[in-house]
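>>> build me a model:
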Amino acid sequence: MWDVFISHATEDKDEIARPLANALRNRGLSVWFDEDAINLGDTLRRTIDEGLSKSKNGVFILSPNFFKKEWPQKELDVFYAREINGEKVIIPIWHNLSSEDILRLAPTISTHLAIQTAGKTIDEIAVQIIEVVRQRQENPNIGKISEKIVRIEASVDSIIVGTSISFKGTCLNCEGNVHLILTGPGRFSSGKEIATVAPSDKNTWAFTLPPDYTEQPGDYSMVICDSQKSVRDAVSFNVKKGAVTIVAAGDQYYYIGEKIQLYGTSLAGKDVYLSLKGLNPQTQDRKLDQLDVVSKSGDSQSFVKVSVGYDNTWSYIWDTSKIGLRLDKGQYTIYAVESPVTSDDISEESNGTVSIIIEMPFVSATMSQSIVSKGKSSFIVGTAVGLPDKIIQIWIFGESFADVQRVQVNPDASFKLELSKTLTTQLLPGQYFVIVQHPMMNNIFDVYLDDNGQDVFTRTSGGKTYLFSIRGPRKIKGIKAAMALVTAINNPLIDDTYAKLQFLIDGSERYSSDEENKKSISERSQRPSTRKRKNVPLDESAMNIDLTETNIHGDLIIAGPNTKVVKKGTVDNSINYETDKQDFWLFELIAPPLIEKLGIPKILVIGSVSIVAGLLSIIAPAYKISFPFLFWVGAVLLIVGVFFIAVFRYHSQTRCKKCNQEFAYEEIDTPTVKEVTTSDGYIKKTTTRKYKCKYCGDIDTRKTNETIPPKSDSE
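Numbers count the residues shown, from 1 in each chain. Model prediction:
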């Protein structure tokens, strides 16, 4: 006779059936288990029938696999028939099943008190089975063990550095506490007793290893023994390095002077160490907040150290206005590493990286009208990017006027300063010069007007240095003040940048109409003129003043602070104005999928062949070759050919020269046109356009030249 018959699906044999059979057998129960009961040559059915009929209890491991098998369910039917006759013989074990599953799959068994495997060790399950068998057989000595036994198992096989792990098990006849000994790398290499645990009244125990004991990766072993160390058991587990991640908020394009939020996670330790490196492999890693400090492996002071929170996250705000060294534009990599090591030594360290592209801040500005009538308002408008505090400084200089104002920049990087009607009424006629100052990376105006409102200073390491005055007995005026300011900002020790422009206050009635004032510089410079252009003598070239025809009042022109008389000479007269950006919306829509499908060689061949075929079809009638619609077919082919060639040119012009990415260049800034009239009446027209790669930031400046012959008198 057997105390228990274990019925199970083959798929559950290794995980629970065999270990349970061994545990019950070790505690003195006689167990019918197929591996032990069925020998080579035995008749399978007869052997199982014998086990079913001669076993006092049936232990059924009910699982999803159990209900997919025919044999185990037949075995359950046999024991259920015995229960109908009044016996108590079924001991159900629920494995990976819920009460709803049991009710659906075996409703007649759902009323039996079952043992659930979730959260229990094999020994704990075995003890519960023994208790049931003892009660049914009314024999308290069944399964009683006289020898000492200790068992241990871990909650998981592997953990991350710095995390905890739980252990539990049984202790039979231990006569006191159990002792836990940890063996592993570092301080645990020789084994170290870390805890003693008192077993419960059910002879079970549990212990959680704190995170401080798993700070070093490697293979560990936890040993349990009784107080006399006469019996023991062990379980192994592995501690792995955790990952380190880093993310930069935003689109990864930033201007110097911005605050960049970096954040991430770390399962590798209590801190992460940050450093910065350029794309050039020869460059050195540098401390993120002090770029003049070179990072060195092992020197934590040469890295930015950031603490990891209890939730394994970290964050850091990188203020690029306070980095100790000017940062050139380009692509950089920020490293987040579990320990203070450089990018050359991180192969064995958990780390994360993020690439960012640094752009130089800039400012651009223009006047709503280049000629402003007294009593008419005008605006200085423009764009300023890379401004954490969103403030720019605008200087205005004239022969009898000087002022500086700080202007708020809008969220879309635009700004506007109004020259009110009241102000233009007070301004004397003449030329005025505007300097729009950007504080750049340090977010400080290094050239500034003192609190006394008359002296201009520059900031130095020792304090401040006097430059010039715009009011008071030492004041300088007009173009001289503007040139002095530009010279100061251009100092290599000053990181500020600027945009410069000029406008004319006109006291005459010639430009007094609102309609004329609303016209742009480009419109006025391109309109037909009824008089010949006048040659302008060179003057005040340091300000790069562009003298246009619209400045001319009869034979007079404003040049610098003084009115100059224009005489016939040989020096060229130039006109500068802005024009519109090129609009390639059709090619942006069609070119990428067309090129992806056909490829550049086919595009070029189709375009060339279509143009040749189109021209031949169009000129065929001239050679007395006549076909219906031949001319129109040729026209269509010619249009197709020209379009394909245009697609090819668009692809060539938008491919980045530096990183070779397709469709990379995008036009930036407002294109400018310069017209120079020579002494013989020809106009040399130069159009300048700037393009920027959206991938690597490369700037490509392109100039196109055109010569316009002089108009005849009849024109």
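
>>> give me the low-pLDDT residue ranges for the stretch 351-500 of the chain?
Under the criterion pLDDT under 70, no range of the stretch 351-500 of the chain is flagged.

>>> which stretches in it count as strands?
With DSSP state E, counting those that start in this stretch as the criterion, the stretch 351-500 of the chain has strands at 351-359, 362-367, 371-373, 378-385, 391-397, 402-408, 414-419, 430-438, 447-449, 455-460, 463-469, 497-506.

>>> so who does the residue of the chain most remote from its centre touch?
Relative to the centre of the chain, and counting by C-alpha atoms, centre = their mean, the farthest-placed residue is residue 85 at 71.9 Å. With contact set as C-beta atoms under 8 Å, 6 or more residues apart in numbering, residue 85 has no partners. To be clear about C-beta, it is placed using only N, CA and C from the backbone, and glycine gets the same treatment.

>>> buried residues in whatever helix or strand residue 643 lives in?
Applying DSSP states H and E as the criterion places residue 643 in helix 630-654. Across helix 630-654, burial judged by 16 or more other C-beta atoms under 10 Å covers 633-634, 637-638, 640-641, 643-645, 647-648, 650-651, 654.

>>> what of stretch 384-398?
384-388, 391-398.

>>> can I get these in TSV with distance to residue 577?
Output for the buried residues of stretch 384-398, formatted as TSV (distance: C-beta to C-beta, whole Å):
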residue	distance to residue 577
384	22
385	24
386	27
387	28
388	34
391	30
392	24
393	27
394	22
395	24
396	22
397	23
398	23
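
>>> right, and the strands of the stretch 351-500 of the chain - which one's nearest residue 211?
strand 351-359 (20.9 Å; C-beta to C-beta).

>>> sheet partners, orientation included, of the closest one?
strand 253-255 (parallel), strand 330-337 (antiparallel) (DSSP bridges).

>>> quick one: which of the ones you listed is nearest residue 501?
Closest to residue 501 of these is strand 253-255 (C-beta to C-beta; 22.2 Å).

>>> what's the following helix or strand after the closest one?
Moving toward the C-terminus from strand 253-255, the first helix or strand encountered (DSSP H and E) is strand 259-265.

>>> other SSEs contacting that next one?
strand 247-248, strand 313-319, strand 330-337, strand 351-359 (3 or more C-beta pairs under 8 Å, 6 or more residues apart in numbering; DSSP states H and E).

>>> now do the longest one and strand 259-265, the angle between them.
Spelled out, it's strand 351-359. 160 degrees (axes from the mean of the first three to the mean of the last three C-alpha atoms, to 10 degrees).

>>> strand 351-359 versus strand 313-319: what angle between them?
30 degrees.

>>> which residues sit against strand 351-359?
243-248, 252-256, 260, 262, 264, 320, 327-338, 385-386, 696-697.

>>> now it, how far from the chain's geometric center?
Relative to its chain's centre, strand 351-359 lies at 8 Å (C-alpha atoms, centre = their mean, to the nearest Å).

>>> oh, and call the first residue 15 from now on, that's how I've got it
Sounds good: first residue 15 from here, last item strand 365-373.

>>> distance of residue 20 relative to residue 662?
78 Å (C-beta to C-beta, to the nearest Å).

>>> bridged to residue 344, which residues?
So, taking DSSP bridges as the rule, residue 344 has residue 372 as bridge partners.

>>> pull the number of nearby residues for it.
Close neighbours of residue 344, defined as other C-beta atoms under 10 Å, add up to 16.

>>> surely it and residue 291 touch.
No. Residue 344 lies out of contact with residue 291 (C-beta atoms under 8 Å); the separation is 11.5 Å.

>>> what's the burial count for residue 277?
Around residue 277 there are 16 residues (other C-beta under 10 Å).

>>> pLDDT wise, what is the residue nearest to it when sequence neighbours are not counted at?
Distances taken as C-beta to C-beta, 6 or more residues apart in numbering place residue 329 nearest to residue 277, at 4.0 Å, with adjacent residues excluded. Note on residue 329: pLDDT of 96.

>>> no more questions from me, cheers.
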